[in-house]
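Chemist: got a predicted structure here, sequence first:
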Amino acid sequence: MNLLVLASMGEPKLEAAFLSMGAVASAFAVLAALSVSLLGILYMTVAIAPNATQKFSGALREHNIKSFFAGLGTTLVMLALLAVTHRAQGLTLLLLTVSGAALIPALAAGAEDIGRRLFWASGKEGSRASHLAGGWLVFAFGSIFPVIGWFVIFPYVTISGLGSLVVGTLSSGRPPAAAVSRDIEFPEEK
């Protein structure tokens with residue numbers, strides 16, 4: 001806009017115009033971040049490390065309580081290391097990079113587990129990509145809501161996902177016999 005037009009609008013109209021553009025920009029930024037993160041998680045799961053994320057998702061599905069407590073311990077250790085090394089900028093940056101890199105497969109495992117449970121609750125099978133996309137959308141939009149999303153959904157899924165990295169890494173290399181032949185959540189009907 002022309003500066004003369006903005007100056008002639010007066011302060012209240014100028015402020016309203018500025019705030020409305022801020023809301024549009026914020027909404028665009030949130031939608032762009034959700035889209036990019038969903039595409040990144042999908043790419044991580046399907047293309048880069050499909051076996052690892054499947055192993056972590058299986059660990060989260062089969063040992064969800066153990067994964068939560070392992071993730072809680074991992075989170076506390078990461079926070080303690082960050083508190084201890086806060087003056088060494090290089091080491092802090094390295095720890096933040098490692099933590100951020102660990103969050104990608106952790107959130108992929110958490111989203112895939114949520115999606116698998118959603119599909120199971122609706123009586124459908126679906127593919128890994130559909131489990132991941134559905135779970136990520138439910139997780140992302142559930143995390144947006146104040147109080148419940150910020151302090152319950154987001155921390156629980158994130159901590160459980162980090163724990164699934166630990167549990168999946170420390171568990172044996174082969175999946176359980178039931179997971180090899182068919183999906184665990186769909187028992188055979190008699």
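Modeler: Perfect, I can see it now.

Chemist: so where is this protein shaky, pLDDT-wise?
Modeler: Applying pLDDT under 70 to the chain picks out residues 1-12, 14, 17-18, 44-45, 172-190.

Chemist: which parts of it are helices?
Modeler: With helices called from DSSP state H, the chain shows them at 3-9, 11-43, 50-62, 64-84, 89-121, 128-144, 148, 154-170, 177-181.

Chemist: any chance of the ones you listed in TSV, with mean neighbour count too?
Modeler: C-beta coordinates here come from the backbone N, C-alpha and C atoms, glycine included. What follows is the helices of the chain, written out as TSV (neighbours: other C-beta atoms under 10 Å):
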stretch	mean neighbour count
helix 3-9	10
helix 11-43	12
helix 50-62	21
helix 64-84	15
helix 89-121	18
helix 128-144	19
helix 148	11
helix 154-170	22
helix 177-181	10
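
Chemist: what about Leu165, distance to Glu15?
Modeler: Taking C-beta to C-beta, to the nearest Å as the measure, Leu165 and Glu15 are separated by 47 Å.

Chemist: which ones are touching the most centrally placed residue in the chain?
Modeler: The chain has Leu107 as the residue nearest its centroid, 3.3 Å off, counting by C-alpha atoms, centre = their mean. Shown in contact with Leu107 (C-beta atoms under 8 Å, 6 or more residues apart in numbering): Ile41, Trp136, Phe139, Val157, Thr158, Gly161.

Chemist: and which of the residues you listed is nearest Lys55?
Modeler: Gly161 (12.8 Å; C-beta to C-beta).

Chemist: I figured the closest one was touching Ile104, is that so?
Modeler: No - contact criterion C-beta atoms under 8 Å: Gly161 and Ile104 do not qualify, at 9.7 Å.

Chemist: leaving out sequence neighbours, find the closest residue to Leu118.
Modeler: Nearest non-adjacent residue to Leu118, counting by C-beta to C-beta, 6 or more residues apart in numbering: Gly134, 5.5 Å away.

Chemist: shouldn't that neighbour be in contact with Gly126?
Modeler: Yes - with contact defined as C-beta under 8 Å, Gly134 reaches Gly126; the gap is 7.4 Å.

Chemist: what do the two both touch?
Modeler: Gly115, Phe119.

Chemist: next up, the contacts around the residue nearest to Leu118.
Modeler: Ile114, Gly115, Leu118, Phe119, Gly126.

Chemist: rerun that using 7 Å as the cut-off
Modeler: Counting by C-beta atoms under 7 Å, 6 or more residues apart in numbering, Gly134 makes contact with Gly115, Leu118, Phe119.

Chemist: quick one: which of these is nearest to Pro146?
Modeler: Among these, and counting by C-beta to C-beta, the member closest to Pro146 is Leu118, at 22.9 Å.
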